[in-house]
Every structure is written in C-alpha cells, then in structure tokens.
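J.: After the sequence you'll find the predicted model.
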Amino acid sequence: MTEPLEPNIARLVADLESEDAFERREAQEQLLLVTRQSLGFVWSDPAPAREEAVARWKDWLKRRHHGGGRSGGGETRTVEVEGALMGLDQLKNALKGIPPEQLETHLAQILQKMQAAEAARSRCEQCGAARATVHVTEKDDQGILRERNLCEGCAAEHGDLPGA
C-alpha cells in the first residue's frame, strides 16, 4: 500500500481555511473526532483568529509527520474501519493470523467499505449530486436521533438552514 492511511487529516486541516462556513464546521468536527483535539479552532471565529488556529494545526501536522506524534519517533497513522478509528498497529493485530491467501481479500473488503462510507458521507441524501455540507440531527417521536446530510440548496429548500 503506497498511499498513507491518514490523508483525510491533512485534507480536513486544509478545509479549515474554506470560505464555506459549513465546510469549516464539518472539518472542525471531524478533526475533533479523529484527533480528540481542537487546537483553539472555532469555525465561526473571525478570519484572523481562524488563521492563527489553522497555523497551529499545520504545525501539529508537521510535528506528527516528522516523528513528534508519538514516542519512538515513528509516524502515527490511523484508519477508519466500519466507523471505528483504528491505529495502524491495531489494524495489523486485527489481521494477524489470517492466511496470506485470504489477507488480500480482507484488505480489499475493508477498502471497499471505507470508500463506500466516504462516498455516502460526502453526497447529499436529497439530490444525491451535490456535496453534503449541512448535517442535520433530528429526534423523532420515539426519541431516536437521525442525521441527515444535505447540500446547502436542499437544506435551504426544506428550511434546514439557520435563519431560513
């Protein structure tokens, strides 16, 4: 596997600089979930405050990729498998003992599930075409929470945007 398991963190840090407030908020939430850190970034802060926080994130990324992320000097990599964040060592341990002839099949299935999950998260549930940047969490009559992922157009059309 030549591609790093953690390209999404760098992409999320880049998304913190987006002009789109919804994209910044999504990136902030995902970074918090993945890294358990905020580094002082608040998606709704004025641009100068966001720029300072983004600089902290970029410094954090540099340290992480140059061995400062964990003891032992190695790079810490994570991967999301079926909604669970796993360290590379955990993934290796989970695949330990699988016969080599079956390992490729298992890895292909994991990658397929990851790609499908990413594709589902990134598309609007209503129109299916645009990128979902609005995430609405609702509670139904039975108290069950449900999240809808919509593009700005569909969210505005259905009154799901603040102030709409």
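T.: Nice, thanks for sending it over. Residues are numbered from 1 along each chain as shown.
J.: Would you mind measuring from S122 to A108?
T.: Distance, S122 to A108, by Cβ to Cβ, to the nearest Å: 21 Å. Placement of C-beta: from N, CA and C, glycine included.
J.: ok, these two, which is more surrounded?
T.: It is S122, of S122 and A108, that has more neighbours when counted by other Cβ atoms under 10 Å, with 13 against 10.
J.: Skipping adjacent residues, who's closest to the residue most central in space within the chain in space?
T.: In the chain, the centroid-proximal residue (Cα atoms, centre = their mean) is Q30; its distance is 4.3 Å. Leaving out its chain neighbours, the residue that sits closest to Q30 by Cβ to Cβ, 6 or more residues apart in numbering is L12, at 5.3 Å.
J.: on contacts alone, who are the packing partners of the helix or strand containing the one you found?
T.: Secondary structure from DSSP states H and E places L12 in helix 7-15. Under the contact definition 3 or more Cβ pairs under 8 Å, 6 or more residues apart in numbering; DSSP states H and E, helix 7-15 sits against helix 21-35, helix 47-63.
J.: looking at those, which is closest to G153?
T.: helix 21-35 (11.9 Å; Cβ to Cβ).
J.: show me what contacts I9?
T.: Residues near I9 by Cβ atoms under 8 Å, 6 or more residues apart in numbering: L31, V34, T35, L61.
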